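Trainee: I would like the atomic coordinates for the input below:
(chains A and B)
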Amino acid sequence: MLVCEDLVKTYRTRRSVGPARPAVDGVSLGVAPGETFALVGESGCGKTTVARMAVGLLRPASGRILLEGRDLARMRGRELMTLRRQVQIVFQDPAGALDPRQTVGGAVAEPLLLHRLGGPSWRRRETERLFRQVGLGPREMGRFPHQLSGGQKQRVLIARALSLRPRYIILDEPVSALDVSVRAQILNLLAAIQAELGLGYLLISHDLAVVRNVASRAAVMHRGRLVEEGPVEEVWSRPAHPYTRALLKAIPVPDPALRPEPPSSPPPEPEADPVGARADSCLYESLCPRSARLCRRRRPRPERADHWVACHYPLILRRRDDPGPPR
Amino acid sequence: MVEDVLRVIDLRAEFRSARGPVKAVDGVSFSLQPGRTLALVGESGSGKSATALAIPRLLPDPPGRVTGGQVLLRGRDLLELDPDEMPRVRGREIAMVFQEPASALNPVMTVGDQVAESVRTHRRPGGPVRAAVIEALARAGVPAPEKRLRQYPHELSGGLKQRVLIAIALACGPSVLIADEPTTALDVTVQARILDLLAYLGRRLGLALLLITHDLGVVARTAERVAVMYAGRVVETAPVGRFFRSPLHPYSRGLLEAARMTRDDTGSFRVIDGAVPDLADLPSGCRFHPRCAVARLRAACAGPPPPAREAGPGHTVECWYPGEAAVGRAWAGCARAPAGPRPAAAEVNSRSAGL
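Mentor: Predicted coordinates for the structure are as follows:
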């Protein structure tokens, strides 16, 4: 398993006064081999920070990354290099993740070179094999990024992520920069590779339709914290956190029969980030229709369960003795 | 019958490039009615944004150039107008909202000044500008508008910035609003509110709204009619209900299958093979035929390009074999579709025969 345990990360900004609110605040999750675990959230919620910590590009302020039970932070030198090969990442913007002056064949071979694997002719054969694996021909190896379409560039990045034969791949918004007609091609490719190699995927996404269709488990992230986690079908059909429900309701469904009633007054814009939110309160409280006093006084903590929620007054899963929010 | 505010007829625009002219818009026609929304749908490179820019003559020249067609605003051809007259048309009659609210606003100018600029440019001088600015912001659902006047764009959330842009666009009471991917840069919860706002304002102010988008979910939520663009041409136009029930162009169907994430028998997502063609090097015949599963078995698709054919009330399609499924490929794109595509195809053929 690839496990993130209680990760915390705080960014310092020049303008921050006093202790900054953490970008990631106590996030725990686990990805099993052969499984796709999705981390869902809106921009600025901290999901990409989690991705970067999971792959070792950022050091958490506290918390641990465990790979097959071994703590990444405690490893040094050769051992760390070997372990790092096992977790790779595919970034969102395929154009920005490739060097415009390097052939894409070179880009795929580069990790092999950096990790000093094989000789030149082996690396060339290996690159060819990787190109075939992602549905590209050897002809494309000599091309530069600008000569490829967005979908082809994303295939190159997947090939590069596969080059070190990882067991886990972090997919940070892998299809959100692509056109819909190309999106399905890339998702099919990722599924085929997963089935063949038994890889574990950590899918970072804001696209709830994609998540529903490719992930088995999902965690919903809001302002640095996880608010709900469970099997995708469970969470989608019976969301327990008010934020999860709001997210699901906001997805525009490609079916005009499901169009909501047109509003009779201009829909208001809620005030931006409530600055006053305290670390020991619920961070969704100011936007939540179910908010009550307790929500401002105590941070809701999840219970251990297959489908859990961090909410004082969840929409489901309520214990029998819980009276619900006071009216 | 509602009168058309804007009619675009056979619009053509191209960009100069090192490899010769790129025909980004190649014979596009549609019309807009007050209080109604037409969604112009397409993938990147389909020409939808070039179309949006060509209407108010904002296509950057060079490298862009409108090469033909008409843009009739209440019967007056904007392409024939003296360039000096265009500023009066823009803002007062046609307004635009762009995709990136952050880059469309001036970062070193207060929100109040930016809305006031629009109010002043297009209104009689001497009016109470401040009141008009506050009113414009309030109409766009900006909370506490008086407090926003002195704020700068970076102090606002993405949703609020887009509302300020909508306020600027609507400050002078235009009759046509062109919104180019207005919610693409926004989070889903913010997007839903902005779409609701546009729908509300459209109906309330009787705006003719041209919504440019790549997202069929957005279309289903907002528009009354839809026009699908592919490689510079509108390949299908239909009322929204009809389109989502029985799309006739194979590309429309592919898009819908992709948006619904339909799977085939093997459990893979249905895909449209290949990629959008290079506009400087278009295939012969129907521009979609190299990617089309139907065309694979028909020689006609590589021949002369298919004309637009009437397929029902308000429904036109540019395809030689509309509504036909490729052999061996179940037509499973639409969960709500009736028995199959055959009746629709027969309808098209009989209608076109009668033309």
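Trainee: share the number of residues neighbouring residue 116, please.
Mentor: Let's take chain A. Number of residues near A:Arg116 (other Cβ atoms under 10 Å in any protein chain shown) recorded here: 7. In short, each C-beta sits where N, CA and C put it, glycine included.
Trainee: you answered for a different chain; I wanted chain B.
Mentor: 20.
Trainee: so what's it up against?
Mentor: B:Ala116 is in contact with B:Val129, B:Arg130, B:Val133, counting by Cβ atoms under 8 Å, 6 or more residues apart in numbering or on different chains.
Trainee: the first one and A:Glu128, how far apart?
Mentor: Okay, so that is B:Val129. For B:Val129, the distance to A:Glu128 equals 67 Å [Cβ to Cβ, to the nearest Å].
Trainee: pLDDT wise, what is the residue in chain A that chain B sits nearest to at?
Mentor: Relative to chain B, the nearest point of chain A is A:Pro252 (3.1 Å; Cβ to the nearest Cβ). Here the pLDDT value assigned to A:Pro252 is 89.
Trainee: same check, this time on B:Ala295
Mentor: B:Ala295 is assigned a predicted lDDT (pLDDT) of 86.
Trainee: tell me the contacts of it?
Mentor: So B:Ala295 contacts B:Pro250, B:Cys286, B:Phe288, B:His289, B:Cys301, B:Ala302, B:Tyr321 (Cβ under 8 Å, 6+ apart).
Trainee: if we use 7 Å, what do you get?
Mentor: Listed by Cβ atoms under 7 Å, 6 or more residues apart in numbering or on different chains, the contact set of B:Ala295 reads B:Cys286, B:His289, B:Cys301.
Trainee: for those, could you give me JSON lines that also reports neighbour count and distance to chain A?
Mentor: Below are the contacts of B:Ala295 laid out as JSON lines (neighbours: other Cβ atoms under 10 Å in any protein chain shown; distance: Cβ to the nearest Cβ, whole Å):
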{"residue": "B:Cys286", "neighbour count": "29", "distance to chain A": "16"}
{"residue": "B:His289", "neighbour count": "22", "distance to chain A": "15"}
{"residue": "B:Cys301", "neighbour count": "23", "distance to chain A": "18"}
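Trainee: just the helices from the chain, written as ranges.
Mentor: All of this refers to chain A. A:47-54, A:77-84, A:104-114, A:120-133, A:150-162, A:180-197, A:208-214, A:232-237, A:242-250, A:293-297 (DSSP state H).
Trainee: could you do chain B instead?
Mentor: Using DSSP H, the helices of chain B run over residues B:48-54, B:86-89, B:101-104, B:111-122, B:129-139, B:145-148, B:158-170, B:188-205, B:216-222, B:240-245, B:250-260, B:342-354.
Trainee: circling back: closest to A:Ala107 among the contacts of B:Ala116?
Mentor: Here the nearest of the contacts of B:Ala116 to A:Ala107, counting by Cβ to Cβ, is B:Val133; it sits at 51.0 Å.
Trainee: find the nearest non-adjacent residue to B:Ala102, please.
Mentor: Leaving aside its chain neighbours, B:Ala102 sits nearest to B:Lys161 (6.2 Å; criterion: Cβ to Cβ, 6 or more residues apart in numbering or on different chains).
Trainee: my guess is that neighbour contacts B:Asn106. True?
Mentor: No - the criterion here is Cβ atoms under 7 Å, and B:Lys161 misses it with B:Asn106 at 11.5 Å.
Trainee: ok, those two, which is more surrounded?
Mentor: B:Lys161 (22 against 13).
Trainee: ok, the more buried one - contacts?
Mentor: Taking Cβ under 7 Å, 6+ apart as the criterion, B:Lys161 is in contact with B:Pro101, B:Ala102, B:Leu105, B:Pro153.
Trainee: now, of the contacts of B:Ala116, which are buried?
Mentor: Buried residues within the contacts of B:Ala116, counting neighbours by 16 or more other Cβ atoms under 10 Å in any protein chain shown: B:Val129, B:Val133.
Trainee: helix or strand with the lowest mean pLDDT in the chain?
Mentor: Picked chain A for this. Least confident helix or strand, chain A: helix A:77-84 with a mean of 84, by mean pLDDT, DSSP states H and E.
Trainee: please go with chain B instead
Mentor: helix B:342-354 (a mean of 38).
Trainee: residues contacting the single nearest residue of the stretch 101-250 of chain B relative to chain A?
Mentor: As assessed by Cβ to the nearest Cβ, chain A sits closest to B:Gly217 within the stretch 101-250 of chain B, at 3.1 Å. By Cβ under 7 Å, 6+ apart, B:Gly217 lies in contact with A:Ile251, A:Pro252, A:Val253, A:Pro254, B:Ala259.
Trainee: where does pLDDT dip in the chain?
Mentor: Assuming you mean chain A. A:13-19, A:271-278, A:317-327 (pLDDT under 70).
Trainee: actually it's chain B I care about, not the one you picked
Mentor: B:1, B:122-127, B:325-355.
Trainee: check contacts around the spatially most central residue of chain A.
Mentor: In chain A, the residue lying closest to the centroid (Cα atoms, centre = their mean) is A:Ile204, at 1.8 Å. Neighbour list for A:Ile204: A:Leu39, A:Lys47, A:Thr48, A:Ala51, A:Ile170, A:Leu171, A:Asp172, A:Glu173 [criterion: Cβ under 7 Å, 6+ apart].
Trainee: beta-bridge partners for it, please?
Mentor: A:Leu39, A:Asp172 (DSSP bridges).
Trainee: from what I see, B:Thr184 and B:Gln99 are in contact.
Mentor: Yes - at 5.4 Å, B:Thr184 and B:Gln99 qualify as touching, with contact defined as Cβ under 7 Å.
Trainee: re the thing from before, between B:Lys161 and B:Asn106, what contacts are shared?
Mentor: Counting by Cβ under 7 Å, 6+ apart, nothing touches both B:Lys161 and B:Asn106.
Trainee: picking up where we left off before, got TSV for the helices of chain B, with distance to A:Cys311 too?
Mentor: What follows is the helices of chain B, written out as TSV (distance: least, Cβ to Cβ, whole Å):
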stretch	distance to A:Cys311
helix B:48-54	42
helix B:86-89	52
helix B:101-104	32
helix B:111-122	35
helix B:129-139	34
helix B:145-148	32
helix B:158-170	24
helix B:188-205	17
helix B:216-222	27
helix B:240-245	35
helix B:250-260	31
helix B:342-354	48
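Trainee: out of those helices, the one nearest B:Asp180 is which?
Mentor: Relative to B:Asp180, the nearest member of the helices of chain B by Cβ to Cβ is helix B:48-54, separated by 4.9 Å.
Trainee: that older thread, quick one: buried residues of the least confident helix or strand of chain A?
Mentor: Neighbour-count burial for helix A:77-84, counted by 16+ other Cβ under 10 Å, picks out A:Leu83, A:Arg84.
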